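Peer 1: Task: produce atomic coordinates for the following.
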Amino acid sequence: MEFDEETTATQLPGFQKENRTGAKVYFCSECQSVLTPRVFKKENGEAGKLEFYCAQCNRSEYFDDNLVYVNILKRDASSVSATKVLTSDPTLHRWTVFCNNCRKYEEHVIFNAPTLAGEETMTQLKQCCVCSVQTPVTEDDRRNQMRPSN
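Peer 2: The predicted structure is shown next:
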């Protein structure tokens, strides 16, 4: 195979591309089609070996990397989409704390951010009742700045 300036990386034999999840996408060294992972089963009932199979040319290739898929279940506190309705919820805890956006002490509602399955820690957030800006509750907030609202 000859390469010119217009040859893309996916056209190179055995090219592998790492996607955002850390799993690699392998391409057939014969026809450059995407290889599909499957377990090659042994006849004697032992555990099989992971092979990457080309549906186009029926070729199997083996790689040292056994990672096929990664499911990332963590997210940051900024992905929580609570609205201004949250501040009118009478069941939430309220504290008067310093708001960095308003630049003065304001009432905040304190709540736990919704979690996804598999997340180990729960994030506690505070939302200003005046400007609706959400920020994580810090250790400094817990120790020094938080005062119960009257």
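Peer 1: Contact partners for Val34?
Peer 2: Counting by CB atoms under 8 Å, 6 or more residues apart in numbering, Val34 makes contact with Val25, Tyr26, Phe27, Cys28. Placement of C-beta: from N, CA and C, glycine included.
Peer 1: closest to Leu50 among those?
Peer 2: Among the contacts of Val34, Tyr26 lies closest to Leu50 (CB to CB), at 11.0 Å.
Peer 1: okay, now the nearest residue to the closest one once chain neighbours are set aside: neighbour count?
Peer 2: Nearest residue to Tyr26 in three dimensions, chain neighbours excluded: Leu35, at 4.3 Å (CB to CB, 6 or more residues apart in numbering). Leu35 has 23 neighbouring residues, counting by other CB atoms under 10 Å.
Peer 1: who's in contact with Leu35?
Peer 2: Tyr26, Phe27, Cys28, Phe52, Tyr53, Cys54, Glu61 are the contacts of Leu35 under CB under 8 Å, 6+ apart.
Peer 1: ok, the fourth one to Tyr69 distance?
Peer 2: What it means is Phe52. Phe52 sits 13 Å away from Tyr69, going by CB to CB, to the nearest Å.
Peer 1: the more surrounded of these two?
Peer 2: Ranked by neighbour count (other CB under 10 Å), Phe52 and Tyr69 place Phe52 first, with 23 against 8.
Peer 1: Mind picking the two most distant members of the contacts of Leu35?
Peer 2: Phe27 and Tyr53, at 12.5 Å, using CB to CB across the contacts of Leu35.
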